[in-house]
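*Asks:* Structure of the sequence below:
(chains A and B)
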Amino acid sequence: MPLTQDDVREIIRILDASTFDELVLETEGLKLSLRRNGVTSPSTDDAVAEPRPSAEAASSAAVVASSAAVAEPLAGTAITAPLLGVFYRAPKPGAPPFVEVGQQVTPDTVVGILEVMKLMNQVTAGVTGTIVECVAQDGALVEFGQLLMRLEPEA
Amino acid sequence: MTAIMRLFIANRGEIAVRIIGTCRGLGIETVLACSTVDRDMLPARLADRAICIGPGPSSDSYLRAGTIVQAALGTGCDAIHPGYGFLSENPVLPRLAREHGIVFVGPTAEQIEAVGDKLAARRHAEAAGVPVLPGAAVRDIAGVARLAAEIGFPVLVKAAGGGGGRGMSRADHAGDLAAMVSLAIAEASAAFGDPRVYLERFVTSGRHVEVQIIGDGDVVLQLGDRDCSVQRRYQKLIEEAPAPDLPDAMRTAMLSAAVRFARALAYRGVGTVEFLVDVDRDAFYFLEMNARIQVEHPVTEAVTGLDLVALQLAVASGEKLTMIQDGLAMSGHAIECRLNAEDVRQDFRPAPGRLSRVEFGTVEGIRIDTFIEPGTMIPPYYDSLLAKVIAHGATRGEAIGRLRSALSATAIEGVPTNLAFHLAVLSEPDFIRGGVDTGFLARLMARAPAGP
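*Replies:* A predicted model of the protein is given here:
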């Protein structure tokens, strides 16, 4: 059962209005884990959506990360926007992108830039691993916390 | 003229809901800036689109002019409404917006600067023939004693960059003046990045009365006065329109002084000219001008029947005012209570937290401006305003009665609020009589320290 962005919003609203602090929803190929802000950090296992092979599951995860910051970012697997800005995958138009799918990165590897009023801010990978998906479009306005790329952390 | 098709709202809470409401009526699309902690709140759901601009602390979100303009550009907005607070009176935002061809819903950057600097505003007032309190800028510490003696004690030491009650201290005699001025200069440098301070006569019994004006850059009209004397440490709690029990001659003079002041600036937008009424001397003095929509604007809307946000959007897009001063009719009396998440027993300390129950009574003549619902989390980063309850009646007595009925039928649970405190104030004989001064609430608190 694929979840739409609206479904996720609705789930978050229900959780938010409830007295519960945490919600874990598992369907085929997707594990959605939501937690209120301020609730003490649970074990890493809970915070991270299960690695999933299907493309459908991956896109559902993207919906979660970009639709609401209440949803726990997929720790270790997501590179999210550190600020609102226009996202560029390459240093200048026509230039090769900073990173491609399949590329190995280290925490300091620059994966893109965010422009805020002509000010270019570098986005780094943050962890060591392999880029598995580039989610945000080149030249698109991205919100604070929006999913930019997914990577497979090094075991 | 630039018709506004899509408006970017750089604010949150009840004023965001208020602005969206007017835009819906005008067929203007809305994009709301929100921080991570605000993104599931009512305003974000009401807006056509909500865009996350940063984390909770406002210095990383609502106070970032560059991020606001970038977000407005990226979402195809042609105008930015700053609401009140945050960037609403920061000239950086209108400048940046102008550079990028976006309309700023407010006055020009130059007009904001002209009234934002308290010393400059004083000079503008004097030039426009608007009475100002006896006072003068402090040029050197050695001269303050003579300056204060000329003005007469007690005096207020005020920061030129302050406002809204911030950056003020009172000296009762010459003995502690020099030390107080030195401290004020140090504090003003730290708080406002501006070391200039000035002395002003302290009015022992004063009322805070302000005039709502609107200008289109050419014509300036006054939309009546408001009394905001029910304050605690310069924070307004109850506001009403018109100001009760004000001598006719003073009201007329004050309204025209406000218009003169704004006209001298060729003011465009809504604004409020604040005055201090010296009850003992039967005189009024210019305090400051606020170059934005005010929290208490609904009481003016109630008695004039106007939509001030719609007027803001109209003059911002270059339209000229079509109404005339003599065509404005005031009807009845309106009073507003600010319901805040604060603990009256803990010295009115802000009390963030999650609301478990939110119910507003339905009473005739009542308007509720709010953003809260059951389950809403009141974050610790912003002001504690939960809702404004505005009562309109044919008479002041009727408005008070309706307000009391509405508050009695209101229940907000989950965090402490000042609801019961408001009900107690509305039952005070002095308040019911009307025309209290700004010391009223402090005297009430002194009588019953834990709250009436």
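*Asks:* what's the residue most central in space within chain B in contact with, if anything?
*Replies:* By Cα atoms, centre = their mean, the mean C-alpha position of chain B lies nearest to B:Q294, the distance being 3.8 Å. Applying Cβ atoms under 8 Å, 6 or more residues apart in numbering or on different chains, we find B:Q294 in contact with B:84, B:210, B:212, B:272. The way it works is simple: take the backbone N, C-alpha and C, and place the C-beta from them, glycine included.
*Asks:* any idea what B:A446 is structurally, helix, strand or coil?
*Replies:* helix (DSSP: H, G, I helix; E, B strand; the rest coil).
*Asks:* Which single one of the contacts of B:Q294 is nearest to B:A387?
*Replies:* Closest approach between these and B:A387, by Cβ to Cβ: B:Y84, at 15.4 Å.
*Asks:* Residues of the stretch 251-400 of chain B that sit close to chain A?
*Replies:* B:373-375, B:377 (Cβ under 8 Å from any Cβ of the partner chain).
*Asks:* which stretches of chain A have low pLDDT?
*Replies:* Chain A contains residues with pLDDT under 70 at A:1-6, A:8-76.
*Asks:* Now do the contacts for whichever residue of chain B sits closest to chain A.
*Replies:* Here the residue of chain B nearest chain A is B:G74; by Cβ to the nearest Cβ that distance is 3.0 Å. By Cβ under 8 Å, 6+ apart, B:G74 lies in contact with A:86, A:141.
*Asks:* now do B:F202
*Replies:* So B:F202 contacts B:153-156, B:170 (Cβ under 8 Å, 6+ apart).
*Asks:* So which of those residues wins on neighbours?
*Replies:* B:V155 (29 neighbours; other Cβ atoms under 10 Å in any protein chain shown).
*Asks:* just to revisit the earlier point, quick check: PyMOL command selecting the buried ones in the contacts of B:Q294.
*Replies:* Filtering the contacts of B:Q294 down to the buried ones (16 or more other Cβ atoms under 10 Å in any protein chain shown) takes a single PyMOL command:
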select buried, chain B and resi 84+210+212+272
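*Asks:* Between the contacts of B:Q294, which sits nearest A:I113?
*Replies:* B:Y84 (34.5 Å).
*Asks:* got a list of what that closest one touches?
*Replies:* By Cβ under 8 Å, 6+ apart, the contact list for B:Y84 reads B:11, B:15, B:292-295.
*Asks:* State the pair within the residues you listed that is farthest apart.
*Replies:* B:N11 and B:Q294 (13.4 Å).
*Asks:* residue ranges for the strands of the stretch 151-300 of chain B, please.
*Replies:* Per DSSP state E, counting those that start in this stretch, the stretch 151-300 of chain B carries strands over the ranges B:155-163, B:166-171, B:197-201, B:206-216, B:220-232, B:235-241, B:268-278, B:283-290.
*Asks:* List the neighbouring strands of the first one plus their orientation.
*Replies:* The pairing partners recorded for strand B:155-163 under DSSP bridges are strand B:166-171 (antiparallel), strand B:197-201 (antiparallel).
*Asks:* Let's have the ones you listed in TSV, adding distance to B:E301 and mean pLDDT.
*Replies:* Formatted as TSV, the strands paired with strand B:155-163 follow (distance: least, Cβ to Cβ, whole Å; pLDDT from 0 to 100):
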stretch	distance to B:E301	mean pLDDT
strand B:166-171	27	83
strand B:197-201	32	91
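*Asks:* Pick the most buried one from those strands.
*Replies:* strand B:197-201 (a mean of 23; mean count of other Cβ atoms under 10 Å in any protein chain shown).
*Asks:* could I get that one in CSV with only the CA atoms?
*Replies:* Below are the C-alpha coordinates for strand B:197-201, written out as CSV (Å, rounded to 0.1, in the frame of the first residue of the first chain):
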residue,chain,number,x,y,z
VAL,B,197,20.3,57.6,24.9
TYR,B,198,18.0,60.6,25.7
LEU,B,199,16.2,61.9,28.7
GLU,B,200,12.4,62.5,28.8
ARG,B,201,10.0,63.7,31.4
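*Asks:* Give me the distance between it and the centre of its chain.
*Replies:* The chain centroid and the centroid of strand B:197-201 are separated by 22 Å, computed with Cα atoms, centre = their mean, to the nearest Å.
*Asks:* cool, stretch B:267-275 as well?
*Replies:* 11 Å.
*Asks:* burial of B:A411, as a residue count?
*Replies:* B:A411 has 12 neighbours, counted by other Cβ under 10 Å.
*Asks:* returning to what we had before: take the strands of the stretch 151-300 of chain B and lay them out in JSON lines including distance to B:S35.
*Replies:* Listed next are the strands of the stretch 151-300 of chain B as JSON lines, based on distance: least, Cβ to Cβ, whole Å:
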{"stretch": "strand B:155-163", "distance to B:S35": "24"}
{"stretch": "strand B:166-171", "distance to B:S35": "23"}
{"stretch": "strand B:197-201", "distance to B:S35": "34"}
{"stretch": "strand B:206-216", "distance to B:S35": "30"}
{"stretch": "strand B:220-232", "distance to B:S35": "28"}
{"stretch": "strand B:235-241", "distance to B:S35": "23"}
{"stretch": "strand B:268-278", "distance to B:S35": "26"}
{"stretch": "strand B:283-290", "distance to B:S35": "24"}
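*Asks:* So which of those strands is nearest A:D7?
*Replies:* For A:D7, the closest of the strands of the stretch 151-300 of chain B is strand B:268-278, at 41.7 Å, according to Cβ to Cβ.
*Asks:* For that closest one, which strands pair with it and how are they oriented?
*Replies:* Strand B:268-278 has these strand partners (DSSP bridges): strand B:206-216 (antiparallel), strand B:283-290 (antiparallel).
*Asks:* how big is the angle separating that strand from strand B:220-232?
*Replies:* Orientation check (axes from the mean of the first three to the mean of the last three Cα atoms, to 10 degrees): strand B:268-278 against strand B:220-232 gives 50 degrees.
*Asks:* what distance separates strand B:268-278 from the centre of its chain?
*Replies:* The mean C-alpha position of strand B:268-278 is separated from the chain mean by 10 Å, Cα atoms, centre = their mean.
*Asks:* Could I get the average pLDDT for that strand?
*Replies:* Averaging pLDDT along strand B:268-278 yields 97.
*Asks:* Quick check: the residue of chain A nearest chain B.
*Replies:* Closest point on chain A to chain B, by Cβ to the nearest Cβ, is A:L141, at 3.0 Å.
*Asks:* residues in contact with that residue?
*Replies:* A:L141 neighbours (Cβ under 8 Å, 6+ apart): A:84-87, B:51, B:70-71, B:74-75.
*Asks:* Take the residues you listed and keep only those in strands.
*Replies:* Members of those lying in strands (criterion: DSSP state E): A:85-87, B:51.
*Asks:* Among these, which one sits closest to B:G217?
*Replies:* When those are compared against B:G217 (criterion: Cβ to Cβ), the nearest one is B:I51, at 30.6 Å.
*Asks:* beta partners of the closest one?
*Replies:* B:A33.
*Asks:* For it, give its distance to B:R251.
*Replies:* Noted for B:I51: a distance of 44 Å to B:R251, by Cβ to Cβ, to the nearest Å.
*Asks:* Next: B:A72.
*Replies:* To B:R251, B:A72 is 40 Å away according to Cβ to Cβ.
*Asks:* I am finished for the moment; much appreciated.
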